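Asks: structure for this input, please:
(chains A, B, C and D)
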Protein chains: 2
Amino acid sequence: MDRKRCENCIVRQFNSLRAMSKEELKKVSDSKTMKTIKKGQPLFEEGEKLNGVYCVRDGVSKLSKLSANGKDQIVKLASKGEVMGQRSVIAEEHSNLSAVAVSDMEICFIPKETINTSLQKNPNFTLEVLRHMAHDLKEADDVIVNMSQKTVKQRIAEAFLYLKNNFGEDGEGFLALTLSREDIANVVGTATESAIRIISEFKKKGLIHTSGKRVGIKDERKLRDLAEGF
Amino acid sequence: MDRKRCENCIVRQFNSLRAMSKEELKKVSDSKTMKTIKKGQPLFEEGEKLNGVYCVRDGVSKLSKLSANGKDQIVKLASKGEVMGQRSVIAEEHSNLSAVAVSDMEICFIPKETINTSLQKNPNFTLEVLRHMAHDLKEADDVIVNMSQKTVKQRIAEAFLYLKNNFGEDGEGFLALTLSREDIANVVGTATESAIRIISEFKKKGLIHTSGKRVGIKDERKLRDLAEGF
DNA sequence: GTAATACTATGATAATTATCAGCTTTTATG
DNA sequence: CATAAAAGCTGATAATTATCATAGTATTAC
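Replies: Below you'll find the predicted structure:
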C-alpha cells in the first residue's frame, strides 16, 4: 500500500478531507506535491497569495501575524492532520498569516483548483469544512477573551498546559514540542524578557522544570489553578 | 409588497441568505418569527442551546463571553443584516457567546431545521456561509493581534474609529451607536475606570468631544495615528 | 576547537494598567 | 418633580508589564 497516496493517509482522518469520496481523494492525491520543510523555514508569508492549501503530515508550524510594533503574534500552532491556508483559498484573499516551521515538517500542498472543485460539487465536503471553520472561530473567540482578560502569568501557565495536551511529553517528562522563549512570548503576546522572568518564577515555585530551552510540567494541578485565576 | 417577507427584505442582501433560491426563501419566510427586543434585553445566553439563527433587521447586539474574573468580553457587535448564532447551529454546539441588545432591535428568528435543510441541499448557500465564516475568522485573528500587541489607549482609539466606520454618525457629529463606558471597556478588554480615564484624556487633547455618554470624533487623523502607534 | 552568533537570564527602572474609595452627574421610576 | 439607582468621573496607590542594559550560556559555522 502506497502510504503517500491520500487514500491511504492516516492524517486525513483528522481533517475535512475525510468527507471526500474515493474519486475525489484520487484527484487530490494526483494533484498534490509533498515537501519537507526544515525547522525555521517559512511555508508562506503574510500577504502572499496562496495557490492551494497545506496539509501537515508531520511536524508543527506556527501561524503568526506581524503587529504594527514589529512583534509577531502567534495565532495558532498547526500539527499533524491540520490544514493551513484554507481560509485564504476559500475567501479568495491574500493570506493574513505567515507560516513558519517550528520543527522539521512533512507537508502536502494541494492546489486550490482541486479544493474548489470539491467545494462546488460535494456539499458534504463543504459542510465538513464549514464545521471545522466554525470550530476554529469558537477557539479564536476563546483566545480573544484570554488575551484581554488574563494576566501574562495566567496566559503562560495556560500555554504550557496547551502544549502538553496537544503535543504531549517526551520520555524524560519534557514537553514534546520545544518552543524558544521568544516563541512562547509571541504566543501569549508579551515581551520575551517578561516571559523568561515568569518561566524562571514557575521553576522556582516548582510548577515546572527546565533543561536548556526544554520545559516540563511538574505540578499540573497548581499550574491549572494559576491559569484559572486562583 | 410585503416587506416582512424574506423575499423582499433588503437586509438579506448583506448576508448569506442571498445565495438562497426563491423557494428556499419562501420556506425561510414561512418558518421564521419576528421579534422586537428592547435595549438591554438578552437574545440568548452563553451555554444555551440555540434552536435557530437570528437575523438582525434593525438595531445592534453585543456578542460577549464571560471571563473567569467575572468580566464580560465583547467579541463582536452585530448590526443590520448580520446573522447571529450560525456558528453554534452549524457545529451543533451550545452557544459560546451571549447576545444582548445595545439598542432597540428588530430581529427574525429562523429555526435551525430550515437552515440545515438548505445547508444540505444548496451547495451555493453552504459555500456562501463558509465564505462569511472565513471572513469572520480573519477578523478574529486581527482582534487577537490587537488585543495582545496594542495598548489600551490604542485599542480605545481604534474602537471609536470602528464605531464610526460601521455605524456612522448622527446629525450632530456624534457616533450613531452610543455605548456605555462599561461596554467600551468590555470591547477593548480593560477596567471601566481605565477606559473613562483615557476617554477624558482624548477629550482634553481634542481628539474627541463628548456630551453625556455620547462621543463624537473630532480629529480622525490623530486618532488613527494614535491607534497605529505613532 | 574556537570564534561568532543567537538565545537565555537577571537587575534596575519606567510606563502602563488595575483597584479601591469617594464624589458628581445622569437616568429611571413612582 | 422628587428621589433612588445607575453611570460617569477623579485621585491615590498598588500591581503588572515593558524597556534598557548587561552578562552568562548554548549553538553554529568555519
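
Asks: what is the neighbour count of A:G171?
Replies: 6 (other Cβ atoms under 10 Å in any protein chain shown). (Glycine included, C-beta is placed from N, CA and C.)

Asks: what sits against the closest residue to A:T190 other than its chain neighbours?
Replies: Distance criterion Cβ to Cβ, 6 or more residues apart in numbering or on different chains; nearest residue to A:T190, sequence neighbours excluded, is A:V152 at 4.6 Å. Going by Cβ atoms under 8 Å, 6 or more residues apart in numbering or on different chains, A:V152 touches A:V188, A:T190, A:S194, A:A195, A:I198.

Asks: report the buried members of the residues you listed.
Replies: A:V188, A:T190, A:A195, A:I198 (16 or more other Cβ atoms under 10 Å in any protein chain shown).

Asks: among those, which ones are in strands?
Replies: Using DSSP state E, the subset of the buried ones among the contacts of A:V152 located in strands is empty.

Asks: still on that earlier bit, quick check, nearest of the contacts of A:V152 to A:N116?
Replies: Nearest to A:N116 among the contacts of A:V152, counting by Cβ to Cβ, is A:V188 at 36.2 Å.

Asks: now the closest residue to that closest one other than its chain neighbours, what's its secondary structure?
Replies: Distances taken as Cβ to Cβ, 6+ apart put A:R155 closest to A:V188, at 3.9 Å, once the chain neighbours are dropped. Following DSSP: H, G, I helix; E, B strand; the rest coil, we place A:R155 in the helix state.

Asks: what ranges do the helices span in chain A?
Replies: Taking DSSP state H, the helices of chain A run over residues A:22-31, A:86-91, A:112-121, A:123-149, A:152-167, A:181-188, A:192-204, A:220-228.

Asks: so which of these is the most packed in?
Replies: Mean neighbour count (mean count of other Cβ atoms under 10 Å in any protein chain shown) peaks for helix A:86-91 among those, with a mean of 23.

Asks: show me where chain A dips below the pLDDT cut-off.
Replies: Applying pLDDT under 70 to chain A picks out residues A:1.

Asks: so which bits of it are right by DNA strand D?
Replies: A:N69, A:T151, A:V152, A:K153, A:G189, A:T190, A:A191, A:E193, A:S194, A:G212, A:K213 (Cβ under 7 Å from any atom of the strand).

Asks: and of these, the nearest to chain B?
Replies: A:G189 (2.7 Å; Cβ to the nearest Cβ).

Asks: gap between the residue lying closest to that closest one once chain neighbours are set aside and A:L161?
Replies: Spatial nearest neighbour of A:G189, excluding adjacent residues (Cβ to Cβ, 6+ apart): B:S148 at 2.7 Å. B:S148 sits at a distance of 18 Å from A:L161 (criterion: Cβ to Cβ, to the nearest Å).

Asks: before we move on, back to that, contacts only, for the residue nearest to A:V188.
Replies: A:N146, A:M147, A:V188, A:G189, A:T190, A:A227.

Asks: just to revisit the earlier point, now the helices of chain A in TSV, with distance to A:V102?
Replies: Output for the helices of chain A, formatted as TSV (distance: least, Cβ to Cβ, whole Å):
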stretch	distance to A:V102
helix A:22-31	26
helix A:86-91	20
helix A:112-121	25
helix A:123-149	18
helix A:152-167	10
helix A:181-188	7
helix A:192-204	16
helix A:220-228	22
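
Asks: now render those as TSV, adding distance to DNA strand C.
Replies: Putting the helices of chain A into TSV (distance: least, Cβ to the nearest atom of the strand, whole Å) gives the following:
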stretch	distance to DNA strand C
helix A:22-31	36
helix A:86-91	27
helix A:112-121	33
helix A:123-149	8
helix A:152-167	11
helix A:181-188	3
helix A:192-204	3
helix A:220-228	15
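
Asks: quick one, which of those helices gets closest to B:N8.
Replies: helix A:123-149 (27.8 Å).

Asks: list the helices and strands that closest one packs on?
Replies: For helix A:123-149, the packing partners by 3 or more Cβ pairs under 8 Å, 6 or more residues apart in numbering or on different chains; DSSP states H and E come out as helix A:86-91, helix A:112-121, helix A:152-167, strand B:61-66, strand B:72-78, helix B:86-91, helix B:112-121, helix B:123-149.

Asks: need these in CSV (columns: distance to A:K65).
Replies: Shown next, in CSV, are the helices and strands packed on helix A:123-149 (distance: least, Cβ to Cβ, whole Å):
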stretch, distance to A:K65
helix A:86-91, 12
helix A:112-121, 21
helix A:152-167, 17
strand B:61-66, 22
strand B:72-78, 18
helix B:86-91, 22
helix B:112-121, 31
helix B:123-149, 5
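
Asks: neighbours around the closest residue to A:E228 other than its chain neighbours, how many?
Replies: Leaving aside its sequence neighbours, A:E228 sits nearest to B:A68 (Cβ to Cβ, 6+ apart; 5.7 Å). By the measure other Cβ under 10 Å, the count of residues near B:A68 is 14.

Asks: A:T210: what's it in contact with?
Replies: A:T210 touches A:I199, A:K203, A:G216, counting by Cβ under 8 Å, 6+ apart.

Asks: rerun that using 10 Å as the cut-off
Replies: By Cβ atoms under 10 Å, 6 or more residues apart in numbering or on different chains, the contact set of A:T210 is A:F174, A:I199, A:S200, A:F202, A:K203, A:G216, A:K218.
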